[in-house]
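Novice: Pasting a predicted model and its sequence here:
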Amino acid sequence: MKTVIIGGVAGGASAAARLRRLDEKAEITILERGEYVSFANCGLPYFIGGVIPEKKNLTLQTPESFQARFRIRVRANCEAIKIDAQAKTVTVKNRKTGESDIENYDTLILSPGAEPIKPDIPGIDSDRVFTLRNIPDALRIKTFIENKKPKSAVVIGGGYIGIEMAENLKEAGLKVSVVELADHLIAPLDFDMAAEVHRYIKSKGIRLYLNNGVQAMNGRTILLQNGEISADMAILSVGVRPETALAQECGIQTNRRGSILVDRNMKTNIPDIYAVGDAVEIQDFITGKPAFLPLAGPANKQGRIAADIIAGFDSEYTGTQGSAILKLFDMTVAATGLNEQQAKEAGIDYDKTYLYSAPHASYYPGGVNMSIKALWDKKTKKILGAQIVGFDGVDKRMDILATAIRFGAKITDLTTLELCYAPPFGSAKDPVNMLGFVGENIVTGKIKQFFWHDVKKLPRDGSATLLDVRTEAEVRHGKIDGFMNIPLDSLRERIGEIPKNKPVYIHCHSGLRSYIACRILAGNGYDCFNLAGGWRLYESVIHEKTVPEYSCAKQK
């Protein structure tokens, strides 16, 4: 039995190694058009920034190591240029010699990946403009920085790779700007969670141009939809598209995007041909609908599944939920599952809440609170998605929430989780537990919420009471118009100042004290609503929505 794998990296290399572990007799050949068959493409920005010092640190396997350990034949610098599905052959071109030959196969695995999108705009092919997909791309960028000594850079696109590149270019000593067509960075986040990221990244000296796009590039000048900026180099990071022309030419079915259609066993419509990784259409784990989520973790799992099936074992891919995490200087940003826009598009009637909680015991030094947002289905109470922005402990909590989603947990199930606790690592009531407690209070009717986007619509004609229970000192640093101030610890003594026949909308800094205030008032017959996320979330979002973007006058 001979298996040919077109493309290495995450999906193809994983499939090859798994197949060898399952079948010692299989003949396995990897065709890789580049020099590097298995490398850490997620580490490329950190190589450019100098965090990863040597190119060799990015190489996970070489043709020689594949042969020595797994007896897998790797043909590097060899590109598959034609598939004959009936004859079960692949025409291969040696990119160094130009010669071609034929590889026969019994089973074929396609792992061509996705290529960076290059918009059709003037100047895009300049030698100052770079994309980042592989080690040669990273070497070109690093060499340009070392030889040309650029002082400034613009990153076009504010997704995960774009923001990682912005950080690493800044760490390399460049002045950095980010241009993003959407109104916020990092698309899996909702705007309210991204607002905190915006404020932080700007504090690091990176300029943001949101709701803006690039129209043309002329030397150092980048013409935007609104204004222009100047930079010595540019990184294109506006997304990727599946690289599937070879598959389409041999009759393999794809969708409108070009993603290869596969079943849960990673089989294409053509017998004995499988496809894995960024080139395939996946099923969204939450909605069950087709989606495109190019991530390394799913690609590795898909490669493993294809190998299982070829070796005769039952295995299936159950969908992608989009769990991802980002380092931004000292900040950590993570998301899993659906955000609000995706939940709305899926027609799900959802609820949400926010939490602002320390990563470990409050009395243990060094903790900085993290912002957590969760969505759940109102009908089933199942968690739909979560987003966290913080510093320490973000990855731990997001992994717990991603696992909970995968196993169909309800928001209230989080209250029952028994998580590790010691003062340096967590609290007796972990932030994940606290998220469950808040969710339980909401679904059982112990608390009613309103949100930052409801504040401007609150009645200010006297038909409702708007109450701020922060301290007077906190109020002096900023307040929401129309809210009267009664500090929480004075509430019972001053409760007579609040009319009983009107609804009461309450906020504090983060939502905790206003929750306590709501319980006090509810216990005295009041109808109360708590501002989810509190003043800090409201102020963060409103600040980002109202403060003008950087001037698009020419930036030197």
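Specialist: It's in.
Novice: I'd assumed R241 was in a strand, is it?
Specialist: Yes - assessed by DSSP: H, G, I helix; E, B strand; the rest coil, R241 belongs to a strand.
Novice: Tell me the buried residues in the helix or strand hosting A307?
Specialist: Assigned by DSSP states H and E, A307 falls within helix 296-310. In terms of neighbour count (16 or more other Cβ atoms under 10 Å), helix 296-310 has its buried residues at 296, 298-310. Where you see a C-beta, it was placed from the backbone N, CA and C, and this is true even at glycine.
Novice: chain center to the following helix or strand past it: distance?
Specialist: For helix 296-310, the following helix or strand on the C-terminal side (DSSP H and E) is strand 324-328. Offset of strand 324-328 from its chain centre (Cα atoms, centre = their mean, to the nearest Å): 7 Å.
Novice: Next, the angle from strand 324-328 to helix 296-310.
Specialist: Taking axes from the mean of the first three to the mean of the last three Cα atoms, to 10 degrees, one finds strand 324-328 and helix 296-310 inclined to each other by 150 degrees.
Novice: wait, doesn't T465 sit right on K500?
Specialist: No - T465 is not in contact with K500 according to Cβ atoms under 8 Å; the separation is 9.6 Å.
Novice: So between those two, which is more surrounded?
Specialist: Of the pair T465 and K500, T465 is the one with more neighbours under other Cβ atoms under 10 Å, namely 23 against 13.
Novice: which non-adjacent residue is nearest that one?
Specialist: Once flanking residues are discounted, T465 sits nearest to V504: 4.6 Å by Cβ to Cβ, 6 or more residues apart in numbering.
Novice: G213 reaches G157, doesn't it?
Specialist: No - in this structure G213 lies outside contact range of G157 using Cβ under 8 Å: 9.8 Å.
Novice: list residues touching both of these two?
Specialist: Residues touching both G213 and G157 (Cβ atoms under 8 Å, 6 or more residues apart in numbering): V179.
Novice: Out of those two, name the residue with the larger neighbour count.
Specialist: More neighbours surround G157 than the other of G213 and G157, with 27 against 17 (other Cβ under 10 Å).
Novice: Go ahead and confirm the more buried one touches E180.
Specialist: Yes - using Cβ under 8 Å, G157 makes contact with E180 at a distance of 6.6 Å.
Novice: Not including adjacent chain positions, what is the nearest residue to R133?
Specialist: P116 (5.6 Å).
Novice: what's near enough to touch the residue nearest to the spatial centre of the chain?
Specialist: With distances taken as Cα atoms, centre = their mean, A324 lies nearest the centre of the chain, 4.3 Å away. A324 is in contact with Y160, P188, L295, A334, A335, T336, counting by Cβ under 8 Å, 6+ apart.
Novice: do the same with L246
Specialist: Counted by Cβ under 8 Å, 6+ apart, L246 has contacts I6, A80, I81, K82, I83, L110, P112.
Novice: Could you export these to TSV, including columns for pLDDT?
Specialist: Converted to TSV, these look like this (pLDDT from 0 to 100):
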residue	pLDDT
I6	96
A80	96
I81	97
K82	97
I83	97
L110	97
P112	94
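Novice: okay if I get these as CSV plus secondary structure and neighbour count?
Specialist: Putting the contacts of L246 into CSV (DSSP: H, G, I helix; E, B strand; the rest coil; neighbours: other Cβ atoms under 10 Å) gives the following:
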residue, secondary structure, neighbour count
I6, strand, 28
A80, strand, 22
I81, strand, 13
K82, strand, 14
I83, strand, 23
L110, strand, 31
P112, coil, 25
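Novice: Take the residues you listed and write them to CSV, including distance to F285.
Specialist: Converted to CSV, the contacts of L246 look like this (distance: Cβ to Cβ, whole Å):
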residue, distance to F285
I6, 27
A80, 31
I81, 35
K82, 35
I83, 30
L110, 23
P112, 24
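Novice: Nearest to R492 among those residues?
Specialist: Of all the contacts of L246, the one sitting nearest R492 is P112; the distance, using Cβ to Cβ, is 67.1 Å.
Novice: Now do that closest one against R304, distance only.
Specialist: 18 Å (Cβ to Cβ, to the nearest Å).
Novice: And for C508?
Specialist: The value you get for C508 to R304, if Cβ to Cβ is used, is 48 Å.
Novice: For the protein, just list every one of the helices.
Specialist: 9-22, 44-48, 63-65, 135-148, 160-171, 191-203, 245-249, 296-310, 340-345, 394-406, 431-443, 472-476, 512-522, 534-546 (DSSP state H).
Novice: Tell me the gap between the third one and the middle of its chain.
Specialist: What it means is helix 63-65. Using Cα atoms, centre = their mean, the offset of helix 63-65 from its chain centre is 33 Å.
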